[in-house]
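Student: Build me a model:
(2 chains)
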Amino acid sequence: MQLWVWRHIRVELPEDWEMLQFSRNPQAGRCAWADRYRFRAELSWQALSGPPDLARLASDYLAKLRLDGTMPDAAPVQSGDWRGPRGHEDGLLTSRLSRHLAEEGCLVELVLLWPDGLDPQREGSILASIRSESPWPHGLRRWRAFGLDALASGGLDLVECKAEPALAQLAFRDARATREETFQRLGMVPEWLDGSVRDWLVRQVPRDLRAEKGTFTFSPPWGAKGYCAEKENVPFSAREERAEASGHQVETVEGLRRGGLLRRPVHHAAAAWLCPSDGRLYCVGISGPDGADSKGLAGTRLSCCEGMTRRD
Amino acid sequence: MLEARPVRNAAADTVREPSGDLGIAVKRKRPRWHVPPLSWVVSLKPTRTVRLDRVGSQVWGLCDGERTVEAIVDAFAAEHRLSFHEARVAVTGYLSQLVQRGALAISIPSRNVSS
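Tutor: Now for the predicted structure:
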């Protein structure tokens, strides 16, 4: 089973089910997963001000599906906190189960399609896996999708999500657009990476980024050997580092730039590395008015594989 | 769609270019208006060349008339370490372009056609 975390809701689904549709709206939206032949699951959410009368909702829904002929053989199902109908929709056995997630203040509905017949064990394990993903220390919120396992700062909205062949990207921003966090996973690296990961990372950061003044100490979070260097040549002069963690050579860069009309200082930190287990390039970038630390990005804010993961 | 088999245009010629790209020369249908005396004045190339980059060349190489789209997607995914749906989107994009330009045809199993 593979873990997905979206809109602070976690769900474990079979390995070969991939997310093909998603919503960014935290108030109401849906995500849908498919195996290689057809859609298999859909998780939708609707924010509510209070707990609903789920028994009443389920019975009304059942009556509606029977009445309008959408699911003529609809039968009520209850599994733990989950309630809803199960029957044939367009000839395909379908489960439509709902529950209230109190921590998230939303009603969630899980739709499962069973083209090869009902698998009660699989349905039970999927239902049991759905729960709220609590905030991490320091208010960080976890998102796990498209091979990215990211921790974004609390209070940020998911403003962009790209899921294209060999490109997955999640971008978060606060309402005033002062803080931005971006997580990327890039594939088919030998086809497009000309040069080193460091060169690529330097090309991604703002051109006016400059090293911050003050003393600088470098202690890789994994306790491995590392080195730091301050690149003085123009135009790039932010601080760059390299460290190694579990076979991952992590390139980091951090610096300061002046943004906006008032030329306020904006701290920027980024890290990038190639994961030897899947051959993908991972990149995390954080910018904001408060100090951004590049040392805590790889493996903490973004993880790629078991070797890199320091949580769970 | 996954059961369909891409088949190369038998009249197409492939040329490996110095840059490493693959050129596929597809014969053009002569336009109706291209008749004497207009054809004495306006010359048209008898072929149109479709250029494929390295990745496109790999997709073209996998289209041997035997493999289904699903098999091509699986082979492409394994080659580039992509998930099935990532590879499916990339491969079907290439196949669609090649079909539009006349380099490929798609053979669909008969039971799909009848349904």
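Student: where exactly do the strands run in the stretch 101-250 of chain A?
Tutor: A:106-114, A:131-132, A:141-145, A:148-152, A:157-164, A:167-173, A:180-186, A:226-230, A:239-245, A:248-259 (DSSP state E, counting those that start in this stretch).
Student: can you check chain B too?
Tutor: B:5-8, B:13-16, B:22-27, B:47-52, B:104-107 (DSSP state E).
Student: and the first one, which strands flank it?
Tutor: If I follow you right, that is strand B:5-8. strand B:104-107 (antiparallel) (DSSP bridges).
Student: in the partner strand, what counts as buried?
Tutor: B:Leu104 (16 or more other CB atoms under 10 Å in any protein chain shown). Quick note: C-beta positions are derived from backbone N, CA and C, even for glycine.
Student: per-residue confidence averaged over that strand?
Tutor: Strand B:104-107 comes out with an average pLDDT of 91.
Student: Ramachandran angles for the closest residue to chain B within chain A?
Tutor: Going by CB to the nearest CB, chain B is nearest to A:Pro165 of chain A, at 4.1 Å. Per-residue torsions, A:Pro165: phi -60, psi 120 (degrees, to the nearest 10).
Student: My guess is it contacts A:Leu186. True?
Tutor: No: counting by CB atoms under 8 Å, A:Pro165 stays clear of A:Leu186, with 10.6 Å between them.
Student: which intervals of the stretch 1-150 of chain A have sub-threshold pLDDT?
Tutor: Applying pLDDT under 70 to the stretch 1-150 of chain A flags no residue at all.
Student: Which residues of it lie near chain B?
Tutor: Applying CB under 8 Å from any CB of the partner chain, one finds that the stretch 1-150 of chain A approaches chain B through A:Asp16, A:Glu18, A:Leu20, A:Ala34, A:Arg36, A:Tyr37, A:Gly147.
Student: Tell me, how many residues neighbour A:Leu170?
Tutor: 25 (other CB atoms under 10 Å in any protein chain shown).
Student: Quick one: residues contacting it.
Tutor: A:Trp143, A:Ala145, A:Phe146, A:Leu148, A:Ala150, A:Ala152, A:Leu158, A:Glu160, A:Cys161, A:Thr182, A:Phe183 (CB atoms under 8 Å, 6 or more residues apart in numbering or on different chains).
Student: Report pLDDT for it.
Tutor: Here the pLDDT value assigned to A:Leu170 is 97.
Student: List the beta-bridge partners for it.
Tutor: A:Cys161, A:Phe183.
Student: ok so, going back, out of the residues of the stretch 1-150 of chain A next to chain B, who's the most crowded?
Tutor: Neighbour counts for the residues of the stretch 1-150 of chain A next to chain B peak at A:Glu18, which has 22 neighbours (criterion: other CB under 10 Å).
Student: For it, grab phi and psi.
Tutor: Per degrees, to the nearest 10, the backbone of A:Glu18 is at phi -110, psi 150.
Student: show me the contacts for the closest residue to it other than its chain neighbours.
Tutor: In this structure, A:Glu18 finds its nearest non-sequential neighbour in B:His85, 4.7 Å apart by CB to CB, 6 or more residues apart in numbering or on different chains. Shown in contact with B:His85 (CB under 8 Å, 6+ apart): A:Glu18, A:Leu20, A:Ala34, A:Arg36.
Student: A:Gly288 now?
Tutor: For A:Gly288, the contact set (CB under 8 Å, 6+ apart) comprises A:Thr178, A:Arg179, A:Glu180, A:Val266, A:His267.
Student: At the geometric centre of the chain, which residue do we find?
Tutor: This is for chain A. Nearest to the geometric centre of chain A sits A:Trp143, at 2.9 Å (CA atoms, centre = their mean).
Student: my bad, the chain I had in mind was chain B
Tutor: Taking CA atoms, centre = their mean, chain B has its central residue at B:Leu98, 3.1 Å away.
Student: quick one, which residue of chain A lies the farthest from its center?
Tutor: Of all residues in chain A (CA atoms, centre = their mean), A:Leu67 lies farthest out, 39.2 Å.
Student: Please apply the same query to chain B.
Tutor: Chain B, CA atoms, centre = their mean, max distance from centroid: B:Pro37 (34.3 Å).
Student: buried residues in the top helix by length along chain B?
Tutor: The helix that spans the most residues within chain B, counting by DSSP state H, is helix B:84-100. Buried residues in helix B:84-100, counted by 16+ other CB under 10 Å: B:Phe84, B:His85, B:Glu86, B:Ala87, B:Arg88, B:Val89, B:Ala90, B:Val91, B:Thr92, B:Tyr94, B:Leu95, B:Leu98.
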